[in-house]
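Enquirer: Got a sequence here, can you model it:
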Amino acid sequence: MSTVVHVDPEILGGVPCFSGTRVPIRSLFDHLKLGYSLDEFIEQFPTVKKSQAQTLLDEARHQIEDSAPKSAA
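Expert: Numbers count the residues shown, from 1 in each chain. Next up, the predicted model:
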């Protein structure tokens, strides 16, 4: 699992959060879905480092790309 994601049953009932924070991962995706920029998210949740959010988005992209069927060339 990612180094930027932490799951602890004692923190928000085990909801995946950014490491070192109590900010749920889904908050980033919810903010982006609503049209907020990454910088606006960071302003709203200053305990999350911009590098953490960028790493999470990169990992999500790679996971999606890696799980896509490979086309035969």
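Enquirer: State the mean pLDDT of stretch 30-49.
Expert: For stretch 30-49, the mean per-residue pLDDT is 97.
Enquirer: What of stretch 3-18?
Expert: Rounded mean pLDDT across stretch 3-18 is 93.
Enquirer: Name the surrounding residues that touch whichever helix in the chain runs longest.
Expert: If you go by DSSP state H, the chain has its longest helix at helix 50-67. Helix 50-67 is contacted by residues 2, 3, 4, 5, 18, 19, 25, 28, 38, 39, 41, 42 when judged by Cβ atoms under 8 Å, 6 or more residues apart in numbering. From N, CA and C alone the C-beta is placed, and that goes for glycine too.
Enquirer: I figured the third one hits residue 20, correct?
Expert: Put plainly, it is residue 4. No - using Cβ atoms under 8 Å as the test, residue 4 is too far from residue 20 to be in contact (9.2 Å).
Enquirer: the more surrounded of those two?
Expert: residue 4 (23 against 12; other Cβ atoms under 10 Å).
Enquirer: So for the nearest residue to that one once chain neighbours are set aside, what's the pLDDT?
Expert: Leaving out its chain neighbours, the residue that sits closest to residue 4 by Cβ to Cβ, 6 or more residues apart in numbering is residue 52, at 4.4 Å. Looking at residue 52, its pLDDT stands at 96.
Enquirer: Pull the number of nearby residues for residue 52.
Expert: 22.
Enquirer: And it, how far from residue 24?
Expert: Using Cβ to Cβ, to the nearest Å, residue 52 is found at 13 Å from residue 24.
Enquirer: Please pick the buried ones from the contacts of helix 50-67.
Expert: 2, 4, 18, 25, 28, 41, 42 (16 or more other Cβ atoms under 10 Å).
Enquirer: Which of the residues you listed fall within strands?
Expert: Among these, the ones falling in strands (DSSP state E) are residue 18.
Enquirer: export the buried ones among the contacts of helix 50-67 to CSV and tack on distance to residue 63?
Expert: Formatted as CSV, the buried ones among the contacts of helix 50-67 follow (distance: Cβ to Cβ, whole Å):
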residue, distance to residue 63
2, 10
4, 13
18, 17
25, 13
28, 15
41, 20
42, 22
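Enquirer: Sweet, I'm off.
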